[in-house]
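Peer 1: Okay, here's the prediction I keep looking at, along with the sequence it came from:
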Amino acid sequence: MSLSRLLYVSHCALKEQGAARDTAVREIAARSAKRNPSSLLSGALLYVDDTFVQVLEGPIKAVERCFEAICCDFRHDDIKLIDLIPAKDRVFPEWSMAFLAADDATMKTHGDLAEIRFLVGVNAREAVNQMRQLLKQSAD
């Protein structure tokens, strides 16, 4: 099976604010994690400063369908496709949808996440690698 990897950023357009927004974003990631295995999708969702950075990987048709649904989702504003490439291997094979947000329990800091968000516009591949490194650190 040939794989593709897609990276995009968007602004969070949820009406909730504060802790309610954080909870809603976590629920989005949890629902994606449950739904993605049936489409052979994996990836990671980073949330920082009301911005989503998401990596989707899997069969191209499944990646395209998922991204199309995201583009039609009113919880996102200002969606920007950063990268869509063929991939030899998955970067996030362990996660149907990993979630990264500032959280004391997992030792991820706002600065780490903001750096990745910035890096997306400069070096997409390195941003994806740093997302993977943060997830591995959390798992250790």
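Peer 2: Yes, it's here. Numbers count the residues shown, from 1 in each chain.

Peer 1: Tell me who's in contact with L6.
Peer 2: With contacts defined as C-beta atoms under 8 Å, 6 or more residues apart in numbering, the neighbours of L6 are V55, L56, E57, V63, F67, L81, D83, L84. The way it works is simple: take the backbone N, C-alpha and C, and place the C-beta from them, glycine included.

Peer 1: same thing but at 7 Å, please
Peer 2: Applying C-beta atoms under 7 Å, 6 or more residues apart in numbering to L6 gives the contacts L56, V63, F67, D83, L84.

Peer 1: Any chance you could list what contacts the biggest strand by length in the chain?
Peer 2: Longest strand of the chain, by residue count under DSSP state E: strand 76-87. Contacts to strand 76-87, defined as C-beta under 7 Å, 6+ apart, come from residues 2-11, 13, 52, 57, 70-71, 120, 124.

Peer 1: Give the pairing partners of that strand; include direction for each.
Peer 2: When pairing is defined by DSSP bridges, strand 76-87 lines up against strand 3-12 (antiparallel).
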